[in-house]
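Novice: no sequence on this one, just coordinates:
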């Protein structure tokens, strides 16, 4: 084994220093906005009891949960189970609960629901939490899809107020703007509007089929949607009623006005329209004349995991790069019901950090200093110069400047390459001349310019820069 | 299941908002010091190939690695293996490689070694990396011992310079001082000194037994150590030679001087003494007159996982609270040899974050603001006041102040309790009087003092505070 080059499991990644700096830049920016809106960080264990996770993600999801093999003599357990259980046959299905009782979390939502139920008496509601942690899925790895990836969620539970929804729009706007994105759309819809539409076309039970089909309008056009609706059991008449609705256009206010007419006979539809109206009003109150800078658009084809959401639905797309959604979320009325705590309403959003990373990379939006960690390298010519350098190094660090001394008197070219590779902007050259004159040579690695400075001048220059 | 109160797997923990703020305070402090010394962050996947981990931690360690059950029809794989393999009997041992090919990382050191070997051509040496991620061990949980816990490591590979060791002492000193610890000891020893001692007492092969015994001097005293040495095969004569060495006392310089006499006949012992001497000299160069503030002490009974270290050995203890070591590390000469890359020397240290947390808690050293996340809560009396509050909320946030509006017009007592529970220092009361006068009531939640301020005065006060 010792001579096989080691590898990482497929679908997993190492993050190099340069990647980590960029990832931290994204996460730190989002965290700072979450905190500004009163969201507080929690963390949950990577492992949950298998029973906490199974049955929450559908059959397909259950298969993608990474299970942890029990420690100790797991096979002894299996044999003993067989002896004690009549008609027990070994199979992957029968053995799973014997061999495994824990699994890696699959998302942050179910662990959050479990957290809320477990800590319900310590929590002060409304509880606004954010959580940024890895999740694991045994999906087939492909470009942009990993088996370990970070989710980045903010949720509020215990508050019905639509101020929360308005704030989610603002959180998206603020975080993505801070990251340098200029042209992105925050799409909003409401599950109740979708219910209303299904009602008025007379097919309330086919709401899921309807939304799955119209959600694809962007991609397959109205003819494609028509074809799919027919396959899913809609009649020509239904489609004739539906078409003008899903093709509604105009400003948010115009669409709401038109929808109010179309959905007049559906109380739930009207409720959905009112909710969207209220959210937009809150945004206007918050932002005043700045409102126009926030690109929030009603999109009545937006569905996103519909069965989950009960009110507002969000999705964010960048218009600068071809890329799937970079964020999404919505309101759900019964997050914790699965763990026996009924009637706790909540709403949440999430940021797609990996995709945002790719967008910023493509648009070259990472700040130029984003890969700089060490600011100054002191070169090391010989033992005497090394000794001379140590108090200077210490003085720089005392000013809070990240600084290094090259730890051996290697060839100067090698030391310069080290500075280059590590993206260190300044190098201080300390040779016999410098030591006798007391003036150090400071080299700006980008421009190549060199200047002679006293220790004090050097520290001041780097501190100010 | 729906009515069973959910739980987390034993040995794992949720971290509440208040705990997260304190944990982040510790990690952020340590990270900032790592960065100042030129260490860069990396992350490795939570899962490694089982082959990467097995055989690295001894038989006992291998048992404690959490293995991941293969996805799909694992039992089909097992049956097919039995069919294809002569004399294949089902057992936990024979099935393990069939049922599992991945495992959760057990520490950060082996994944780091794997990282270095995998990325050896991209890395610019010396490579100074830090890594703060969770690790998992199937240990029996007990007070202070968890199955998931964070490690916090900094290592340098590809540099023999003892400047690295001197900098580790400084990193410990700086990070722990920043965290508010006042009285702690950074113990230092050298594996070569231990080898030298074993040589001069004529028992070079019993070095492990010797160090395991003398490492306990603190706890069991010289009589206990004597007893254990005899059990481990040392003669009275050996112990007579050893005693004066391990009981050496005095300043570091005095001990080095005495050791030089005792170990005169052991070249390796002398080398160890010289190395410690050089590290102390570097510290003196770095720190000048500040040297005396750094409590670094030569402790020749210090061993710590001896077989691993080849040079310097570190351990940090607080003297303010009864607690095991809060940090440790040392130099190893062949980190990556296990993956076929020979001769790459390295050195590293680690911080025991969970123990540091407990120490700071016990000494009440967390800054009083450390649990504050939101700075201001605007109360919500009724719809009109809510509307009035939104632009104020926005103005506060535009100044970077974390602020919230209570999202419904609940009883004022409930809103105050919310602020209290969330440790929010300021509450702004907005009632009809405030709206008509344009002056808002700002309540300082700690002192209880209230004052009437204009919106501008209020923002200024909170920004300045």
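Specialist: That came through fine. The structure displayed is predicted, hence computed values, not measured ones.

Novice: Contacts only, for residue A:420.
Specialist: When the contact criterion is C-beta atoms under 8 Å, 6 or more residues apart in numbering or on different chains, the partners of residue A:420 are residue A:445. For every residue, glycine as well, the C-beta is placed using N, CA and C.

Novice: Beyond the strand or helix carrying it, next helix or strand please.
Specialist: Secondary structure from DSSP states H and E places residue A:420 in helix A:412-421. Per DSSP H and E, helix A:412-421 leads on to strand A:426-429 as the next helix or strand towards the C-terminus.

Novice: so after that next one, what's the next helix or strand?
Specialist: helix A:432-437.

Novice: same question for that following helix, mean pLDDT?
Specialist: Confidence over helix A:432-437 (mean pLDDT, whole number) is 92.

Novice: Now that helix: buried residues?
Specialist: Within helix A:432-437, the residues that count as buried by 16 or more other C-beta atoms under 10 Å in any protein chain shown are A:434, A:435.

Novice: just so I have it, where are all the strands in the stretch 151-300 of chain A?
Specialist: Assignment of strands within the stretch 151-300 of chain A using DSSP state E, counting those that start in this stretch yields the ranges A:184-190, A:296-298.

Novice: how close does the nearest residue to residue A:416 once chain neighbours are set aside get to residue A:455?
Specialist: Spatially, and ignoring its direct neighbours in sequence, residue A:416 is nearest to residue A:427 (6.8 Å; C-beta to C-beta, 6 or more residues apart in numbering or on different chains). When C-beta to C-beta, to the nearest Å is applied, the distance between residue A:427 and residue A:455 equals 15 Å.

Novice: Those two: who's more crowded?
Specialist: More crowded of residue A:427 and residue A:455, by other C-beta atoms under 10 Å in any protein chain shown: residue A:427, with 22 against 15.

Novice: Hmm, that one is touching residue A:374, no?
Specialist: No. Here residue A:427 lies out of contact with residue A:374, judged by C-beta atoms under 8 Å, at a distance of 10.5 Å.

Novice: Helix, strand, or coil at residue A:130?
Specialist: Following DSSP: H, G, I helix; E, B strand; the rest coil, we place residue A:130 in the strand state.

Novice: actually residue A:330, sorry about that
Specialist: Reducing the assignment at residue A:330 to three states with three-state DSSP gives strand.

Novice: So what sits opposite it in the bridge?
Specialist: With DSSP bridges as the criterion, the beta-bridge partners of residue A:330 are residue A:313, residue A:348.

Novice: Contacts only, for the closest residue to residue A:426 other than its chain neighbours.
Specialist: Among residues not flanking residue A:426 along the chain, residue A:376 sits closest, at 4.6 Å (C-beta to C-beta, 6+ apart). Each residue near residue A:376 by C-beta under 8 Å, 6+ apart is listed here: A:396, A:401, A:402, A:403, A:404, A:424, A:425, A:426, A:427, A:428, A:462.

Novice: List only those of those flagged as buried.
Specialist: Neighbour counting over the contacts of residue A:376 (16+ other C-beta under 10 Å) leaves A:396, A:401, A:402, A:403, A:404, A:424, A:425, A:426, A:427, A:428, A:462 as the buried ones.

Novice: ok, so of these, who is nearest chain B?
Specialist: Each of these was scored against chain B by C-beta to the nearest C-beta, and residue A:404 proved nearest at 3.6 Å.

Novice: Look at the residue in the stretch 151-300 of chain A that chain B sits nearest to and say how many residues are nearby.
Specialist: Ranked by C-beta to the nearest C-beta, the top residue of the stretch 151-300 of chain A for proximity to chain B is residue A:161, at 3.6 Å. Each residue near residue A:161 was counted by other C-beta under 10 Å, and the total is 21.

Novice: And the pLDDT for it?
Specialist: 96.

Novice: Could you find the closest non-adjacent residue to it?
Specialist: On the basis of C-beta to C-beta, 6+ apart, the spatially nearest residue to residue A:161 that is not a chain neighbour turns out to be residue B:407, at 3.6 Å.

Novice: tell me the SS of that neighbour?
Specialist: Applying three-state DSSP to residue B:407 yields a three-state assignment of coil.

Novice: ok now do it, which residues does it touch?
Specialist: Contacts of residue B:407 were listed using C-beta under 8 Å, 6+ apart, and they are A:126, A:156, A:159, A:161, A:163, A:164, B:380.

Novice: one more time with 6 Å, if that's ok
Specialist: By C-beta atoms under 6 Å, 6 or more residues apart in numbering or on different chains, residue B:407 lies in contact with A:126, A:159, A:161, A:163.

Novice: Type out the ChimeraX command that picks the buried ones from the residues you listed.
Specialist: In ChimeraX, the members of the contacts of residue B:407 classed as buried (16+ other C-beta under 10 Å) are selected with the following command:
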select /A:126,159,161,163
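
Novice: from the contacts of residue B:407, which ones fall inside helices?
Specialist: If you go by DSSP state H, the contacts of residue B:407 have residue A:163 in helices.

Novice: Which members of the contacts of residue B:407 are the farthest-apart pair?
Specialist: A:126 and A:163 (10.1 Å; C-beta to C-beta).

Novice: Please convert the buried ones among the contacts of residue A:376 to JSON lines, extending it with pLDDT.
Specialist: Conversion of these to JSON lines gives the following (pLDDT from 0 to 100):
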{"residue": "A:396", "pLDDT": "94"}
{"residue": "A:401", "pLDDT": "93"}
{"residue": "A:402", "pLDDT": "95"}
{"residue": "A:403", "pLDDT": "96"}
{"residue": "A:404", "pLDDT": "96"}
{"residue": "A:424", "pLDDT": "94"}
{"residue": "A:425", "pLDDT": "94"}
{"residue": "A:426", "pLDDT": "96"}
{"residue": "A:427", "pLDDT": "97"}
{"residue": "A:428", "pLDDT": "97"}
{"residue": "A:462", "pLDDT": "89"}
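
Novice: Redo those residues as a markdown table? Include distance to residue A:186.
Specialist: Listed next are those as a markdown table, based on distance: C-beta to C-beta, whole Å:
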| residue | distance to residue A:186 |
| --- | --- |
| A:396 | 44 |
| A:401 | 40 |
| A:402 | 37 |
| A:403 | 43 |
| A:404 | 43 |
| A:424 | 39 |
| A:425 | 37 |
| A:426 | 41 |
| A:427 | 45 |
| A:428 | 48 |
| A:462 | 41 |
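
Novice: what about the nearest residue to residue A:202 once chain neighbours are set aside, distance to residue B:446?
Specialist: Counting by C-beta to C-beta, 6+ apart, residue A:202 lies nearest to residue A:238, which is 6.8 Å off, once chain neighbours are set aside. Plainly put, residue A:238 is 63 Å away from residue B:446 if you go by C-beta to C-beta.

Novice: Just want to know which of these two has more residues nearby.
Specialist: When neighbours are counted by other C-beta under 10 Å, residue A:238 and residue B:446 differ, and residue A:238 comes out ahead with 18 against 10.

Novice: Can you read off the pLDDT for that one?
Specialist: In the predicted model, residue A:238 carries a pLDDT score of 94.

Novice: if I pick residue A:295, what's in contact with it?
Specialist: Contact partners of residue A:295, counting by C-beta under 6 Å, 6+ apart, are residue A:185.

Novice: Just give the closest residue to residue A:329, not the sequence neighbours.
Specialist: residue A:349 (3.3 Å).

Novice: correct me, but the one you found touches residue A:328?
Specialist: No. Residue A:349 lies out of contact with residue A:328 (C-beta atoms under 6 Å); the separation is 7.0 Å.

Novice: hey, where'd the helices end up in the stretch 251-400 of chain A?
Specialist: A:252-262, A:267-287, A:353-362, A:383-398 (DSSP state H, counting those that start in this stretch).

Novice: any chance of these in CSV, plus distance to chain B?
Specialist: Below are the helices of the stretch 251-400 of chain A laid out as CSV (distance: least, C-beta to the nearest C-beta, whole Å):
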stretch, distance to chain B
helix A:252-262, 19
helix A:267-287, 4
helix A:353-362, 13
helix A:383-398, 4
